[in-house]
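Q: I would like to see how this sequence folds:
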Amino acid sequence: MREHAHQVCDAQGRVCYFEGTVQEITDEYQRQRDLHASESRFRAMTELSSDWYWELDAMGRFVRLDIGSRGINPGASEEVLGKSRQQLPQIDLSASQWATYQAILDRRETFYDFEMAIQGDNNRLLWHAISGAPIFDSAGVFVGYRGIGRDVTRRRESEELIRHMAFHDVLTGLANRRLFMDRLQQALNSMARTGSYAVLMFLDLDSFKSLNDRQGHAAGDSLLQQVAQRLTGCVRSVDTVARLGGDEFTILMENVDADDQRAMRHTRTAADKVMQALANDFDLGGEAATLRYACSASLGVVILRNPLASADACMKRADAAMYQAKGNGRGGICIDADARG
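A: Prediction:
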(Lines give C-alpha, C1' and ligand atoms only; values in the text may rest on other atoms or scores of the structure.)
Protein backbone atom coordinates (compact mmCIF):
# COMPACT_ATOMS: atom_id res chain seq x y z
CA MET A 1 0.00 0.00 0.00
CA ARG A 2 1.11 3.60 -0.62
CA GLU A 3 -0.21 6.38 1.65
CA HIS A 4 -0.25 10.13 1.00
CA ALA A 5 -1.35 12.58 3.78
CA HIS A 6 -1.31 16.29 4.56
CA GLN A 7 -2.37 18.56 7.38
CA VAL A 8 -5.67 20.44 7.41
CA CYS A 9 -5.50 23.66 9.48
CA ASP A 10 -8.07 26.18 10.65
CA ALA A 11 -8.02 29.93 9.94
CA GLN A 12 -5.50 30.51 12.74
CA GLY A 13 -3.16 27.91 11.35
CA ARG A 14 -3.84 25.32 13.97
CA VAL A 15 -3.76 21.69 12.81
CA CYS A 16 -7.19 20.31 12.88
CA TYR A 17 -6.70 16.90 11.32
CA PHE A 18 -4.88 14.97 8.62
CA GLU A 19 -6.36 13.78 5.42
CA GLY A 20 -4.93 11.64 2.67
CA THR A 21 -5.27 8.68 0.38
CA VAL A 22 -4.33 5.05 0.46
CA GLN A 23 -3.39 3.39 -2.84
CA GLU A 24 -3.09 -0.30 -3.49
CA ILE A 25 0.21 -0.80 -5.46
CA THR A 26 0.68 -4.55 -5.43
CA ASP A 27 1.04 -4.74 -9.23
CA GLU A 28 3.48 -1.81 -9.37
CA TYR A 29 5.54 -3.26 -6.53
CA GLN A 30 5.69 -6.63 -8.26
CA ARG A 31 6.75 -5.01 -11.51
CA GLN A 32 9.63 -3.21 -9.73
CA ARG A 33 10.70 -6.42 -8.05
CA ASP A 34 10.66 -8.20 -11.38
CA LEU A 35 12.68 -5.37 -12.94
CA HIS A 36 15.30 -5.49 -10.18
CA ALA A 37 15.50 -9.26 -10.49
CA SER A 38 15.95 -9.00 -14.24
CA GLU A 39 18.69 -6.41 -13.85
CA SER A 40 20.42 -8.59 -11.26
CA ARG A 41 20.30 -11.59 -13.58
CA PHE A 42 21.64 -9.51 -16.47
CA ARG A 43 24.44 -8.11 -14.30
CA ALA A 44 25.36 -11.57 -13.03
CA MET A 45 25.31 -12.98 -16.54
CA THR A 46 27.54 -10.14 -17.77
CA GLU A 47 30.00 -10.63 -14.94
CA LEU A 48 30.26 -14.38 -15.53
CA SER A 49 30.29 -14.25 -19.31
CA SER A 50 33.26 -13.75 -21.58
CA ASP A 51 30.93 -11.71 -23.80
CA TRP A 52 30.12 -8.06 -23.22
CA TYR A 53 27.13 -5.82 -23.86
CA TRP A 54 27.32 -2.50 -25.71
CA GLU A 55 25.05 0.32 -26.82
CA LEU A 56 25.58 3.13 -29.32
CA ASP A 57 23.58 6.31 -29.76
CA ALA A 58 22.18 7.47 -33.09
CA MET A 59 25.59 8.97 -33.99
CA GLY A 60 27.36 5.64 -33.45
CA ARG A 61 28.97 6.70 -30.15
CA PHE A 62 29.25 4.38 -27.15
CA VAL A 63 26.77 5.16 -24.39
CA ARG A 64 27.13 1.86 -22.54
CA LEU A 65 29.67 -0.94 -22.33
CA ASP A 66 29.25 -3.69 -19.76
CA ILE A 67 32.12 -6.13 -19.74
CA GLY A 68 32.55 -9.44 -17.99
CA SER A 69 35.39 -10.53 -15.77
CA ARG A 70 36.99 -12.42 -18.65
CA GLY A 71 36.35 -9.86 -21.34
CA ILE A 72 38.36 -6.84 -22.41
CA ASN A 73 40.32 -4.72 -19.97
CA PRO A 74 38.10 -3.43 -17.12
CA GLY A 75 39.13 0.19 -17.66
CA ALA A 76 38.19 0.08 -21.32
CA SER A 77 34.51 0.75 -20.68
CA GLU A 78 35.19 4.28 -19.42
CA GLU A 79 37.73 4.97 -22.16
CA VAL A 80 35.31 4.35 -25.03
CA LEU A 81 32.19 6.15 -23.78
CA GLY A 82 31.27 9.04 -26.04
CA LYS A 83 33.42 7.75 -28.89
CA SER A 84 32.56 5.85 -32.04
CA ARG A 85 34.45 2.71 -32.99
CA GLN A 86 36.17 4.67 -35.77
CA GLN A 87 37.65 6.95 -33.10
CA LEU A 88 39.31 4.09 -31.22
CA PRO A 89 42.93 3.80 -32.41
CA GLN A 90 43.33 0.22 -31.20
CA ILE A 91 40.83 -1.09 -33.76
CA ASP A 92 42.79 -2.12 -36.86
CA LEU A 93 40.49 -2.26 -39.89
CA SER A 94 41.16 -1.43 -43.52
CA ALA A 95 39.27 1.37 -45.26
CA SER A 96 37.05 -1.16 -47.05
CA GLN A 97 36.25 -2.96 -43.78
CA TRP A 98 35.29 0.33 -42.13
CA ALA A 99 33.11 1.14 -45.13
CA THR A 100 31.34 -2.23 -44.79
CA TYR A 101 30.74 -1.66 -41.08
CA GLN A 102 29.39 1.86 -41.58
CA ALA A 103 27.13 0.75 -44.43
CA ILE A 104 25.51 -1.82 -42.11
CA LEU A 105 24.81 0.88 -39.53
CA ASP A 106 23.51 3.31 -42.14
CA ARG A 107 21.06 0.68 -43.40
CA ARG A 108 19.93 0.00 -39.80
CA GLU A 109 20.56 -3.70 -40.29
CA THR A 110 20.99 -6.41 -37.70
CA PHE A 111 24.42 -7.99 -38.06
CA TYR A 112 26.21 -10.99 -36.60
CA ASP A 113 29.85 -11.79 -35.82
CA PHE A 114 31.50 -8.84 -37.53
CA GLU A 115 35.17 -9.49 -36.69
CA MET A 116 37.60 -6.69 -35.86
CA ALA A 117 41.34 -6.81 -35.29
CA ILE A 118 42.41 -5.07 -32.07
CA GLN A 119 45.92 -3.99 -31.11
CA GLY A 120 46.25 -5.26 -27.54
CA ASP A 121 48.95 -4.88 -24.93
CA ASN A 122 52.53 -5.67 -26.02
CA ASN A 123 51.37 -5.27 -29.63
CA ARG A 124 49.54 -8.59 -29.51
CA LEU A 125 46.85 -8.78 -32.18
CA LEU A 126 43.45 -9.61 -30.70
CA TRP A 127 40.20 -10.38 -32.49
CA HIS A 128 36.73 -9.33 -31.37
CA ALA A 129 33.45 -10.45 -32.95
CA ILE A 130 30.48 -8.13 -32.48
CA SER A 131 26.77 -8.61 -33.19
CA GLY A 132 24.19 -5.86 -33.02
CA ALA A 133 20.65 -4.75 -33.74
CA PRO A 134 19.16 -1.26 -34.25
CA ILE A 135 17.10 0.41 -31.51
CA PHE A 136 13.92 2.36 -32.29
CA ASP A 137 11.80 4.38 -29.89
CA SER A 138 8.02 4.08 -29.54
CA ALA A 139 7.55 6.46 -32.47
CA GLY A 140 9.74 4.32 -34.71
CA VAL A 141 12.65 6.78 -34.68
CA PHE A 142 16.13 5.25 -34.81
CA VAL A 143 18.01 5.98 -31.57
CA GLY A 144 21.07 3.72 -31.78
CA TYR A 145 22.37 0.18 -31.67
CA ARG A 146 22.75 -2.47 -29.00
CA GLY A 147 24.62 -5.73 -29.14
CA ILE A 148 27.19 -8.08 -27.72
CA GLY A 149 30.87 -8.66 -28.33
CA ARG A 150 33.23 -11.51 -27.60
CA ASP A 151 36.90 -12.29 -27.81
CA VAL A 152 37.60 -14.77 -30.65
CA THR A 153 41.39 -14.45 -30.55
CA ARG A 154 41.98 -18.08 -29.58
CA ARG A 155 39.83 -19.31 -32.44
CA ARG A 156 41.55 -17.04 -34.94
CA GLU A 157 44.98 -18.10 -33.70
CA SER A 158 43.97 -21.77 -33.92
CA GLU A 159 42.73 -21.26 -37.47
CA GLU A 160 45.95 -19.49 -38.41
CA LEU A 161 47.98 -22.34 -36.89
CA ILE A 162 45.98 -24.88 -38.89
CA ARG A 163 46.54 -22.87 -42.09
CA HIS A 164 50.25 -22.60 -41.31
CA MET A 165 50.54 -26.34 -40.67
CA ALA A 166 48.76 -27.08 -43.94
CA PHE A 167 51.43 -25.23 -45.92
CA HIS A 168 54.56 -25.59 -43.78
CA ASP A 169 56.83 -28.35 -42.60
CA VAL A 170 56.27 -28.99 -38.91
CA LEU A 171 59.89 -29.83 -38.08
CA THR A 172 61.66 -26.95 -39.81
CA GLY A 173 58.94 -24.34 -40.30
CA LEU A 174 59.82 -24.12 -44.00
CA ALA A 175 57.28 -24.21 -46.80
CA ASN A 176 56.12 -27.74 -47.56
CA ARG A 177 55.68 -29.33 -50.98
CA ARG A 178 52.14 -28.03 -51.38
CA LEU A 179 53.11 -24.41 -50.78
CA PHE A 180 56.31 -24.71 -52.81
CA MET A 181 54.50 -26.05 -55.88
CA ASP A 182 52.03 -23.18 -55.62
CA ARG A 183 54.88 -20.65 -55.42
CA LEU A 184 56.59 -22.32 -58.38
CA GLN A 185 53.44 -22.02 -60.48
CA GLN A 186 53.11 -18.36 -59.46
CA ALA A 187 56.72 -17.80 -60.52
CA LEU A 188 56.02 -19.30 -63.94
CA ASN A 189 52.99 -17.05 -64.29
CA SER A 190 55.10 -14.04 -63.34
CA MET A 191 57.74 -15.00 -65.91
CA ALA A 192 55.06 -14.86 -68.61
CA ARG A 193 54.20 -11.28 -67.59
CA THR A 194 57.70 -9.89 -66.95
CA GLY A 195 59.94 -11.92 -69.25
CA SER A 196 62.34 -12.61 -66.37
CA TYR A 197 63.93 -15.95 -65.49
CA ALA A 198 63.74 -17.98 -62.28
CA VAL A 199 66.14 -20.39 -60.62
CA LEU A 200 65.08 -23.69 -59.08
CA MET A 201 67.43 -25.60 -56.76
CA PHE A 202 66.98 -29.15 -55.52
CA LEU A 203 69.22 -30.16 -52.61
CA ASP A 204 69.66 -33.61 -51.08
CA LEU A 205 71.78 -34.29 -47.99
CA ASP A 206 74.37 -37.00 -48.53
CA SER A 207 74.46 -39.99 -46.15
CA PHE A 208 71.54 -38.71 -44.09
CA LYS A 209 70.18 -42.23 -43.48
CA SER A 210 73.53 -43.29 -42.07
CA LEU A 211 73.43 -40.39 -39.61
CA ASN A 212 69.98 -41.45 -38.41
CA ASP A 213 71.10 -45.05 -38.07
CA ARG A 214 74.26 -44.17 -36.11
CA GLN A 215 73.15 -41.24 -33.96
CA GLY A 216 69.39 -41.57 -33.83
CA HIS A 217 66.52 -39.51 -35.15
CA ALA A 218 67.04 -36.69 -32.66
CA ALA A 219 70.40 -35.93 -34.27
CA GLY A 220 68.86 -36.21 -37.73
CA ASP A 221 66.07 -33.82 -36.81
CA SER A 222 68.57 -31.36 -35.39
CA LEU A 223 70.56 -31.46 -38.63
CA LEU A 224 67.43 -30.83 -40.72
CA GLN A 225 66.47 -27.85 -38.56
CA GLN A 226 69.95 -26.33 -38.77
CA VAL A 227 70.16 -26.89 -42.52
CA ALA A 228 66.81 -25.10 -42.87
CA GLN A 229 68.15 -22.13 -40.90
CA ARG A 230 71.32 -21.90 -42.97
CA LEU A 231 69.47 -22.16 -46.28
CA THR A 232 67.04 -19.46 -45.23
CA GLY A 233 69.93 -17.26 -44.19
CA CYS A 234 71.73 -17.40 -47.52
CA VAL A 235 68.87 -16.40 -49.84
CA ARG A 236 66.74 -13.28 -50.23
CA SER A 237 63.64 -12.76 -48.11
CA VAL A 238 61.51 -12.96 -51.28
CA ASP A 239 62.91 -16.38 -52.19
CA THR A 240 61.15 -19.58 -51.10
CA VAL A 241 62.94 -22.35 -49.22
CA ALA A 242 61.05 -25.60 -48.72
CA ARG A 243 61.50 -29.03 -47.25
CA LEU A 244 59.80 -31.58 -49.46
CA GLY A 245 60.27 -34.41 -46.98
CA GLY A 246 63.10 -36.51 -45.62
CA ASP A 247 66.40 -34.82 -46.45
CA GLU A 248 65.22 -33.05 -49.62
CA PHE A 249 65.12 -29.26 -49.80
CA THR A 250 64.22 -26.89 -52.62
CA ILE A 251 64.87 -23.21 -53.23
CA LEU A 252 63.03 -20.96 -55.68
CA MET A 253 64.56 -17.65 -56.72
CA GLU A 254 62.36 -15.37 -58.81
CA ASN A 255 63.00 -12.29 -60.96
CA VAL A 256 66.40 -13.39 -62.21
CA ASP A 257 67.94 -11.37 -65.07
CA ALA A 258 66.69 -12.61 -68.45
CA ASP A 259 70.14 -12.20 -70.03
CA ASP A 260 71.61 -15.72 -70.30
CA GLN A 261 75.14 -14.83 -69.21
CA ARG A 262 74.05 -12.68 -66.28
CA ALA A 263 71.52 -15.32 -65.28
CA MET A 264 74.25 -17.97 -65.27
CA ARG A 265 76.56 -15.80 -63.13
CA HIS A 266 73.76 -15.11 -60.68
CA THR A 267 72.85 -18.79 -60.53
CA ARG A 268 76.43 -19.91 -59.99
CA THR A 269 76.93 -17.33 -57.23
CA ALA A 270 73.71 -18.37 -55.48
CA ALA A 271 74.54 -22.08 -55.74
CA ASP A 272 78.05 -21.54 -54.35
CA LYS A 273 76.59 -19.54 -51.48
CA VAL A 274 74.23 -22.39 -50.61
CA MET A 275 77.04 -24.93 -50.56
CA GLN A 276 79.28 -22.65 -48.52
CA ALA A 277 76.48 -22.22 -45.97
CA LEU A 278 76.55 -25.98 -45.40
CA ALA A 279 80.34 -26.31 -45.35
CA ASN A 280 80.86 -25.60 -41.65
CA ASP A 281 80.34 -28.45 -39.20
CA PHE A 282 76.99 -28.84 -37.44
CA ASP A 283 76.64 -29.35 -33.69
CA LEU A 284 74.08 -32.10 -33.19
CA GLY A 285 74.76 -32.85 -29.53
CA GLY A 286 72.26 -30.47 -27.98
CA GLU A 287 72.76 -29.12 -24.47
CA ALA A 288 74.09 -32.32 -22.89
CA ALA A 289 77.06 -32.96 -25.19
CA THR A 290 78.81 -31.85 -28.34
CA LEU A 291 78.51 -33.85 -31.53
CA ARG A 292 80.27 -32.30 -34.51
CA TYR A 293 79.00 -33.41 -37.87
CA ALA A 294 80.32 -32.53 -41.32
CA CYS A 295 77.44 -32.48 -43.76
CA SER A 296 77.74 -32.72 -47.51
CA ALA A 297 74.95 -32.21 -49.99
CA SER A 298 74.29 -32.64 -53.68
CA LEU A 299 72.69 -29.67 -55.44
CA GLY A 300 70.82 -29.70 -58.71
CA VAL A 301 70.05 -26.30 -60.25
CA VAL A 302 67.78 -25.36 -63.15
CA ILE A 303 67.50 -21.96 -64.81
CA LEU A 304 63.83 -21.59 -65.74
CA ARG A 305 63.30 -19.68 -68.98
CA ASN A 306 60.06 -21.07 -70.38
CA PRO A 307 56.95 -19.78 -68.59
CA LEU A 308 54.81 -22.36 -70.38
CA ALA A 309 56.61 -25.27 -68.69
CA SER A 310 54.63 -27.08 -66.02
CA ALA A 311 55.68 -26.93 -62.38
CA ASP A 312 56.00 -30.73 -62.31
CA ALA A 313 58.30 -30.72 -65.34
CA CYS A 314 60.51 -28.09 -63.70
CA MET A 315 60.76 -30.18 -60.55
CA LYS A 316 61.70 -33.27 -62.54
CA ARG A 317 64.51 -31.34 -64.23
CA ALA A 318 65.84 -30.09 -60.91
CA ASP A 319 65.61 -33.56 -59.41
CA ALA A 320 67.51 -35.03 -62.37
CA ALA A 321 70.21 -32.37 -62.02
CA MET A 322 70.55 -33.21 -58.32
CA TYR A 323 71.02 -36.91 -59.07
CA GLN A 324 73.58 -35.97 -61.72
CA ALA A 325 75.50 -34.03 -59.05
CA LYS A 326 75.26 -36.99 -56.67
CA GLY A 327 76.44 -39.34 -59.40
CA ASN A 328 79.46 -37.12 -60.02
CA GLY A 329 80.76 -37.87 -56.54
CA ARG A 330 78.38 -36.14 -54.11
CA GLY A 331 78.95 -32.83 -52.45
CA GLY A 332 78.79 -31.11 -55.84
CA ILE A 333 76.65 -28.88 -58.01
CA CYS A 334 75.03 -29.62 -61.36
CA ILE A 335 73.49 -26.69 -63.24
CA ASP A 336 71.05 -27.48 -66.02
CA ALA A 337 71.39 -24.37 -68.16
CA ASP A 338 70.99 -25.78 -71.66
CA ALA A 339 67.41 -27.00 -71.79
CA ARG A 340 64.90 -24.31 -72.72
CA GLY A 341 62.33 -25.49 -70.19
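Q: For stretch 326-340, what does the pLDDT average out to?
A: Mean pLDDT, stretch 326-340: 80.
Q: Against residue 11, how distant is residue 18?
A: To residue 11, residue 18 is 18 Å away according to CB to CB, to the nearest Å. All C-beta spots, glycine's among them, are computed from the backbone N, C-alpha and C.
Q: who has more neighbours, the two?
A: residue 18 (9 against 5; other CB atoms under 10 Å).
Q: wait, isn't that one in contact with residue 3?
A: No: Residue 18 is not in contact with residue 3 according to CB atoms under 8 Å; the separation is 10.4 Å.
Q: With adjacent residues omitted, what lies nearest to residue 57?
A: Spatial nearest neighbour of residue 57, excluding adjacent residues (CB to CB, 6 or more residues apart in numbering): residue 144 at 4.6 Å.
Q: And the one you found, which helix or strand is it part of?
A: In this assignment (DSSP states H and E), residue 144 forms part of strand 142-151.
Q: got it, and residue 313?
A: helix 311-327.
Q: Would you pull up how far that helix lies from the middle of the chain?
A: With CA atoms, centre = their mean, to the nearest Å as the basis, helix 311-327 stands 35 Å off its chain's centre.
Q: after that helix, next one along is what?
A: Downstream of helix 311-327, the next assigned helix or strand under DSSP H and E is strand 333-336.
Q: what about the helices in the stretch 201-341 of the chain?
A: Shown for the stretch 201-341 of the chain, the helices assigned by DSSP state H, counting those that start in this stretch span residues 208-215, 217-233, 260-277, 311-327.
Q: how far off helix 260-277 does the last one point, in degrees?
A: This points to helix 311-327. 60 degrees (axes from the mean of the first three to the mean of the last three CA atoms, to 10 degrees).
Q: what packs against helix 311-327?
A: helix 177-194, strand 197-205, strand 297-304, strand 333-336 (3 or more CB pairs under 8 Å, 6 or more residues apart in numbering; DSSP states H and E).
Q: now those as JSON lines including mean neighbour count and distance to residue 53?
A: JSON lines is the format used below for the helices and strands packed on helix 311-327 (neighbours: other CB atoms under 10 Å; distance: least, CB to CB, whole Å):
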{"stretch": "helix 177-194", "mean neighbour count": "16", "distance to residue 53": "42"}
{"stretch": "strand 197-205", "mean neighbour count": "24", "distance to residue 53": "55"}
{"stretch": "strand 297-304", "mean neighbour count": "26", "distance to residue 53": "58"}
{"stretch": "strand 333-336", "mean neighbour count": "20", "distance to residue 53": "65"}
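Q: Check which residues of the strand or helix carrying residue 134 are buried.
A: Per DSSP H and E, residue 134 falls inside strand 125-136. By neighbour count with 16 or more other CB atoms under 10 Å, strand 125-136 contains the buried residues 126-130, 132, 134-135.
Q: repeat for stretch 259-267
A: Within stretch 259-267, the residues that count as buried by 16+ other CB under 10 Å are 263-264, 266-267.
Q: Out of the helices of the stretch 201-341 of the chain, which gets nearest to residue 160?
A: Among those, the nearest to residue 160 by CB to CB is helix 217-233 (20.6 Å).
Q: buried sites along the closest one?
A: Buried residues in helix 217-233, counted by 16+ other CB under 10 Å: 219-220, 222-228, 230-232.
Q: how about low-confidence regions in this structure?
A: Scanning the chain for pLDDT under 70 picks out 29, 34-35, 37-50, 68-77, 286-289, 337-341.
Q: Can you tell me the element the spatially most central residue of it falls in?
A: Closest to where the C-alpha atoms of the chain average out (CA atoms, centre = their mean) is residue 160, at 5.1 Å. Using DSSP H and E, residue 160 sits within helix 153-167.
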